[in-house]
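**Student:** Got a sequence here, can you model it:
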Amino acid sequence: MNSKMQESAFPEVRTLAERVFNQLQDAIVRGELAPGTKITEPGLSQTYGISRGPLREAMRRLETHRLIERVPHVGARVVKLSMQELLELFDVREAMESMAARLAARNMSSEEIAGIREVLALHERQADLQSGEAYYQREGDLDFHYRIVLGSHNRMLMTILCDDLYYLVRLYRTQFSANGTRPQRAFVEHHRIVDAIEAGDEELAELLMRRHVSASRENVAERYTAVLEAEQVPMPPIQRTSS
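**Tutor:** All right, here's what the predicted structure looks like:
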């Protein structure tokens, strides 16, 4: 293939890789591909009907975003954090997102604040939130926490929270944080954080975000503990009936 033909092919490859990356990361975040699930190129290639080139690019991105990991003698699998790793992740999130909220109270423009209120208005109309079953946020600009970090105007925080850790945090936040009364309480807490940011109250914004993430941490830990315990419970023996 000459260079001109290669150039014309690259956009298509990138488009396919982007599509597959989005499909896979959404499946992982929603739990359709459960933590620890082994994934193979032939299997994914068959499922999504694409060649190995775009698939490998998509898998490299998933690995970069910490959603899949390579395990010696096992291959690639969906990441599965230990309880200790999960708690450490939320400790980092609590410290950095509370800092982001403080900086957002200092730096966010009125247009940015109006934009985040529009996002919350969209969330309020979601069926899962209205029913109290969950509080699922789409990624990027439709994610409350993502918008707060952008509003900090701190590039280092953006790199760490919107690139390095974003998808991993989103995975556990989505699968394990929304149950019982937590979805509605989390939504109310979001509004209070924005109120503090709009008032320019840096200390209050930081405090409210710290409490918000801490509550999420406790909820996630409780639910994840239940999942881990369920995985360790042996199945009862099959009762055989006489013929």
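**Student:** Which secondary structure elements does the longest helix seen in the chain sit against?
**Tutor:** When the chain is scanned for its longest helix (criterion: DSSP state H), the result is helix 202-232. Secondary structure elements in contact with helix 202-232, counted by 3 or more Cβ pairs under 8 Å, 6 or more residues apart in numbering; DSSP states H and E, are helix 83-107, helix 166-176, helix 182-198. Backbone N, C-alpha and C define where each C-beta goes, glycine included.
**Student:** Under the pLDDT cut-off, which ranges of this protein? List them.
**Tutor:** Across the chain, the stretches falling below the confidence threshold (pLDDT under 70) are 1-14, 128-137, 177-180, 233-243.
**Student:** for the chain, which residue is closest to the average position?
**Tutor:** Most central in the chain under Cα atoms, centre = their mean is residue 170, positioned 1.3 Å from the mean C-alpha point.
**Student:** for that residue, what are its contacts?
**Tutor:** With contacts defined as Cβ atoms under 8 Å, 6 or more residues apart in numbering, the neighbours of residue 170 are 29, 139, 143.
**Student:** again, 6 Å this time
**Tutor:** The neighbours of residue 170, taking Cβ atoms under 6 Å, 6 or more residues apart in numbering as the test, are residue 29.
**Student:** related to what we said a few turns ago, and the longest helix of the chain, how far out from the chain middle?
**Tutor:** For helix 202-232, the gap between its own C-alpha mean and the chain's C-alpha mean amounts to 14 Å (Cα atoms, centre = their mean, to the nearest Å).
**Student:** Which residue, neighbours along the chain excluded, lies closest to residue 39?
**Tutor:** Closest residue to residue 39 apart from its sequence neighbours, by Cβ to Cβ, 6 or more residues apart in numbering: residue 76 at 5.2 Å.
**Student:** Would you agree residue 65 is in contact with residue 168?
**Tutor:** No. With contact defined as Cβ atoms under 6 Å, residue 65 does not count as touching residue 168 (7.1 Å).
**Student:** Tell me the spacing between the residue nearest to the centre of the chain and residue 30.
**Tutor:** If you measure residue 170 against residue 30 using Cβ to Cβ, to the nearest Å, the figure is 10 Å.
**Student:** now do residue 71
**Tutor:** If you measure residue 71 against residue 30 using Cβ to Cβ, the figure is 23 Å.
**Student:** now do residue 204
**Tutor:** For residue 204, the distance to residue 30 - Cβ to Cβ - is 34 Å.
**Student:** Neighbour count for the two, which is higher?
**Tutor:** Taking residue 204 and residue 30 together and counting by other Cβ atoms under 10 Å, residue 204 has the greater number of neighbours (18 against 12).
**Student:** Identify the residue spatially nearest to the more buried one, adjacent ones excluded.
**Tutor:** Leaving aside its chain neighbours, residue 204 sits nearest to residue 196 (4.2 Å; criterion: Cβ to Cβ, 6+ apart).
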